[in-house]
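Q: Coordinates only, no sequence provided:
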């Protein structure tokens with residue numbers, strides 16, 4: 001089974017930027033279909049961005065034009081570049097492989113906290 005480990009969270013002021021990283025250990029095939037989610041206190045987890053198997057990217061309307069998903073296949077890492085951050089972007093951010101077969105099994109990372117102050 002693979003493991004996903006996020007990093008890069010932190011606290012910034014509104015208008016600032018952060019880059020989240022998600023390193024996939026165990027099998028690089030799991031990076032082929034990946035998503036970033038977030039969950040704010042008292043709210044349901046929502047999808048923020050993702051890659052599909054064709055390599056196409058998708059974004060939630062709330063982050064379009066501000067967030068960019070990318071990946072480095074050599075490093076088995078998926079990134080989420082977040083620019084022009086807003087207080088409403090404050091949440092725990094999770095990466096997830098959307099492949100459900102072995103060894104990916106739809107595994108989630110442990111999360112990275114992003115806090116944006118006004």
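A: Nice, thanks for sending it over. Not measured: the values here are computed from a predicted model.

Q: avg pLDDT for stretch 11-26?
A: Per-residue pLDDT over stretch 11-26 has a mean of 96.

Q: so how far does it reach from one end to the other?
A: In stretch 11-26, first residue to last residue: 30 Å (C-alpha to C-alpha, to the nearest Å).

Q: got the buried residues for that stretch?
A: 12, 18, 20-24 (16 or more other C-beta atoms under 10 Å). The way it works is simple: take the backbone N, C-alpha and C, and place the C-beta from them, glycine included.

Q: Pretty sure residue 100 is one of the things residue 106 touches, is it not?
A: Yes: using C-beta atoms under 8 Å, residue 106 is in contact with residue 100, at 4.7 Å.

Q: Now residue 98, what are its backbone angles?
A: The phi/psi pair for residue 98 (degrees, to the nearest 10) reads phi -90, psi 0.

Q: Can you list the strands that the host helix or strand of residue 22 pairs with?
A: If you go by DSSP states H and E, residue 22 is part of strand 18-25. Strand 18-25 pairs in its sheet with strand 3-7 (antiparallel), strand 77-82 (antiparallel), by DSSP bridges.

Q: hey, which of those is tucked in deepest?
A: Among the strands paired with strand 18-25, strand 77-82 has the highest mean neighbour count (mean count of other C-beta atoms under 10 Å), at a mean of 22.

Q: Measure how far the helix or strand that comes right after that strand is from the centre of its chain, please.
A: As assigned by DSSP H and E, the chain's next helix or strand after strand 77-82 is strand 91-97. Here strand 91-97 is found 5 Å from its chain centre; the criterion is C-alpha atoms, centre = their mean, to the nearest Å.
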